[in-house]
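**Student:** Sequence and predicted structure below; questions after.
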Amino acid sequence: MHTMMDTDILERTHVYVAHQLPTNGLDTAHALTLEHTRALVAVAEEVGRSVRLNEHDMQLLLLAAWLYDLSNHQNSSPEEVKPSPAAQFLESSGLTAADINTVMQCIVATQYPQQPKNLLEEVLCDAVASFMASKDYLLHEERKAGLTPGALNEELKWIDEQRTLLKKHSYFTSYARHTFSAGKEKNIKTLKQKREEIISATPELQVLWEENKKLKKNLQKGKEQKVIKGVETMFRTTMASHLQLSVIADSKANIMISINAIIASIMISSFIKSFSDVPHLIIPAFFLTVVCIVTTIIAVLATRPNIKKTSSKPGGIDYLFFGDYTTLSADVYRANMREIMHDSDRLYNSMIDNIYLQGKVLEKKYRLLKLSYTVFVIGLCLVLASYAIAWFFLA
């Protein structure tokens, strides 16, 4: 629960700031004027009401807005909250330590790049950044930069920095986005036009600008090619890995088929000739034969190819997997493959789908192969147990 705040503290802060700004040096170039502070307070209150701040939070917000210009003028390193005359004033005005910290943290959060941690900080950040949308913003920033008259390279650098700052910045509250974004975009366009005017008026700069654009384009191409090579390597490695795993699965299944087929053949042929002399071994032998046959069937299912008799719907055909496209005519297949080759998104999607389907096939193979080994091992143990019982108890 918030403690009640002195209702006159905002007026006292107004008077304090009005006296402090001139004594600390009126900085018109940096817009640290009482007029700027009053405008900031008005915008902060406007944005604060749009998000429906309660009375206590609204007072803290307005205190931060009143002290914003003064704190930035007094602190050489505003990235961290330090003891300052503004904080001392708030303490002498009866604010709690928690409220003072909230006010000072709001001021710190406005430093670029803005990273507010709560709604109160977001509101003050948007109020401070609202001046990016004003008509006088570029003029104030140009004065603040102290550009040398006629130094075109210096001016171009400043324009680029401002454009980057304005483009990267985004408002946090919906009210600020709706109210200030258009003005900010207008300033971005003004900077762009100013840049083009400077370059077009100077042939040497025009040449450098064109070379710079080509260099950026080449760098972008180089990055894209690097990404493409990485993607191709990923696809190649994954497909090779799937193929190798498929070969291993088929090899293991073939081993199971061969071993169990031989055992089953021997046992079946022995039923007629040999078991008349040892009738007590008929049941274990029959059991062994069943285990071998079941294991063989499961291993065969693991290696059994799956060919579709009917084609999938057109949007679901995998043109890189023979099991899907064999139902299509050569002309249709050729036309679709050419479309895929000219559409990088579709090409990558087809390769991704192909890898996914390979994974599904591998999952089925290894699941059946595991079942085959499990049946063989458990069955073999039971067969050995039945042989032992037959020899020692039924012979």
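**Tutor:** In hand now; what should we look at?
**Student:** count of residues packed around Ala86?
**Tutor:** 26 (other CB atoms under 10 Å). In short, each C-beta sits where N, CA and C put it, glycine included.
**Student:** Isn't it up against Ala65?
**Tutor:** No: in this structure, Ala86 is not within contact of Ala65 by CB atoms under 8 Å, at 12.0 Å.
**Student:** mind giving me the domain split of this protein?
**Tutor:** 9-201, 232-394 (automatic domain parsing).
**Student:** Let me see the mean pLDDT of the longest one.
**Tutor:** Mean pLDDT, taken over the full extent of domain 9-201, equals 82.
**Student:** again, but for the last one
**Tutor:** Across domain 232-394, the average pLDDT comes to 82.
**Student:** Might you calculate how far it sits from the centre of the chain?
**Tutor:** Chain-centre distance of domain 232-394: 39 Å, with CA atoms, centre = their mean, to the nearest Å.
**Student:** Repeat that for the first one.
**Tutor:** Once both centres are worked out by CA atoms, centre = their mean, domain 9-201 turns out to sit 31 Å from its chain's centre.
**Student:** how about the helices in the stretch 1-150 of the chain?
**Tutor:** 9-23, 34-50, 55-74, 85-92, 97-109, 119-129, 137-145 (DSSP state H, counting those that start in this stretch).
**Student:** Mean neighbour count, those: which tops it?
**Tutor:** helix 119-129 (a mean of 24; mean count of other CB atoms under 10 Å).
**Student:** Other residues contacting that helix?
**Tutor:** Residues from elsewhere that reach helix 119-129 (CB atoms under 8 Å, 6 or more residues apart in numbering): 40, 43-44, 46-48, 51, 53, 57, 60-61, 64-65, 68, 102, 105-107, 109-110, 114, 116, 169, 171-173, 175-176, 180.
**Student:** unless I'm mixing things up, Trp68 is touching Thr37, no?
**Tutor:** Quick fix: residue 68 is Tyr, not Trp. Yes: the pair Tyr68 / Thr37 is scored as a contact, 7.0 Å apart, by CB under 8 Å.
**Student:** Could I get the CA-only coordinates of the host helix or strand of Leu165 as PDB?
**Tutor:** For Leu165, the element it lies in under DSSP states H and E is helix 152-168. Coordinates of each C-alpha in helix 152-168 appear next as PDB, following Å, rounded to 0.1, in the frame of the first residue of the first chain:
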ATOM      1  CA  LEU A 152      29.900  17.800 -45.300                       C
ATOM      2  CA  ASN A 153      31.400  14.500 -44.200                       C
ATOM      3  CA  GLU A 154      30.800  15.400 -40.600                       C
ATOM      4  CA  GLU A 155      27.200  16.400 -41.400                       C
ATOM      5  CA  LEU A 156      26.600  13.200 -43.400                       C
ATOM      6  CA  LYS A 157      27.900  11.200 -40.400                       C
ATOM      7  CA  TRP A 158      25.500  13.000 -38.100                       C
ATOM      8  CA  ILE A 159      22.600  12.400 -40.500                       C
ATOM      9  CA  ASP A 160      23.400   8.700 -40.600                       C
ATOM     10  CA  GLU A 161      23.600   8.500 -36.800                       C
ATOM     11  CA  GLN A 162      20.300  10.300 -36.400                       C
ATOM     12  CA  ARG A 163      18.500   8.100 -39.000                       C
ATOM     13  CA  THR A 164      19.900   5.000 -37.200                       C
ATOM     14  CA  LEU A 165      18.700   6.300 -33.900                       C
ATOM     15  CA  LEU A 166      15.200   7.100 -35.100                       C
ATOM     16  CA  LYS A 167      14.800   3.900 -37.000                       C
ATOM     17  CA  LYS A 168      15.900   1.700 -34.100                       C
END
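**Student:** Return the set of buried residues in stretch 328-342.
**Tutor:** Residues Leu328, Asn336, Ile340 are the ones in stretch 328-342 that count as buried (16 or more other CB atoms under 10 Å).
**Student:** do stretch 283-292 as well
**Tutor:** For stretch 283-292, by 16+ other CB under 10 Å, it's Pro284, Ala285, Phe286, Phe287, Leu288, Thr289, Val291, Cys292.
**Student:** can you check stretch 229-239 too?
**Tutor:** Here stretch 229-239 shows Thr238 as buried, counting by 16+ other CB under 10 Å.
**Student:** again with stretch 388-395
**Tutor:** Ala390.
**Student:** Can you tell me what sits against that stretch?
**Tutor:** Val278, His280, Leu281, Ile283, Pro284.
**Student:** The third one touches Ser386, doesn't it?
**Tutor:** The reference is to Leu281. No: contact criterion CB under 8 Å: Leu281 and Ser386 do not qualify, at 9.2 Å.
**Student:** on that earlier part again, export the domains of the chain to CSV and append columns for distance to Gln220.
**Tutor:** Formatted as CSV, the domains of the chain follow (distance: least, CB to CB, whole Å):
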stretch, distance to Gln220
domain 9-201, 17
domain 232-394, 16
